[in-house]
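**Q** generate a structure from the sequence data that follows.
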Amino acid sequence: MNYLPCIEIEPNQTAKSAVIWLHGLGASGDDFAPIVPHLQLPENLATRFVFPHAPSRPVTINGGMVMPAWYDILSMDIDRKIDEAQIAESAQQVTALIEREIERGVPADKIVLAGFSQGGAVAYQAALEFDQSLAGLMTLSTYFATHETVNVHSANAALTIFVSHGTQDPVVPEELGQKAVSHLEDKGFSPVYKTYPMQHEVNLEQIQDIGAWLTERLS
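**A** Model prediction:
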């Protein structure tokens, strides 16, 4: 099996839980790895963090420039036209990483899928269609690109979801985070939605909230 290349941060003991965290457009798995110590997760959770690198591909909205991207974005209007075949392919690659964690001994219900910006759009797709119950889904500064086409699996029909967004985000307007929550509610989910006074980024308060949420979900 050819897995996406990843940065992995191992716990001090055999992993009992895992967080698979997808970066945004033009970034890499290195983007969020430095956050791990600041989450202050209890050592007894024995959490492995997996930060995959997206493949490089031309991105239409950036003049066709080749960069790390989970899928091509065709326009920057509020509805974000995207390459749906590519987002499906990326979701399948992330699903393979979830399955690898299960093969390595981490139960599905101790695995959280997380994603920032473009990575969050892939995380929605991969988590909601996964055929075993996951511990949770965490999406940051993103949008629900495939809300019309996603096939929510019954195993994750009641998935715990944490959505967060910056109120001053100029890249992915907060309106898209609100829309994502609305689409989730229409599908029967009860997501937690938190906003922070920031742009397209993460801040300390949010990192603390993420740490608390992960501790609750993985305990």
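**Q** tell me who's in contact with E84.
**A** Shown in contact with E84 (Cβ atoms under 8 Å, 6 or more residues apart in numbering): 71, 146, 149. Glycine gets a C-beta too; all of them are placed from N, C-alpha and C.
**Q** most neighbours, which of the residues you listed?
**A** Y71 (25 neighbours; other Cβ atoms under 10 Å).
**Q** would you mind measuring from the residue in the chain sticking out farthest from the centre to L74?
**A** The C-alpha centroid of the chain is most remote from G63, which lies 25.7 Å away (Cα atoms, centre = their mean). Note on G63: its distance to L74, by Cβ to Cβ, to the nearest Å, is 13 Å.
**Q** name the residues of the lengthiest helix in the chain that are buried.
**A** Counting by DSSP state H, the longest helix found in the chain is helix 84-103. By neighbour count with 16 or more other Cβ atoms under 10 Å, helix 84-103 contains the buried residues 86-88, 90-91, 93-95, 97-101.
**Q** just stretch 204-218 next, same as before
**A** Residues 206, 209-211, 213-214, 217-218 are the ones in stretch 204-218 that count as buried (16+ other Cβ under 10 Å).
**Q** cool, and stretch 52-67?
**A** 52-54, 57, 59.
**Q** same check on stretch 43-53?
**A** Under the neighbour-count criterion of 16+ other Cβ under 10 Å, stretch 43-53 has 45-53 buried.
**Q** thinking again about what came up before, dump the buried residues of stretch 204-218 to TSV, plus pLDDT, distance to C6 and secondary structure.
**A** Formatted as TSV, those follow (pLDDT from 0 to 100; distance: Cβ to Cβ, whole Å; DSSP: H, G, I helix; E, B strand; the rest coil):
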residue	pLDDT	distance to C6	secondary structure
Q206	98	23	helix
D209	98	25	helix
I210	98	19	helix
G211	98	21	helix
W213	98	22	helix
L214	98	18	helix
R217	98	21	helix
L218	98	19	helix
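**Q** with adjacent residues omitted, what lies nearest to V150?
**A** Of all residues not flanking V150 in the chain, L128 sits nearest, at 5.4 Å (Cβ to Cβ, 6 or more residues apart in numbering).
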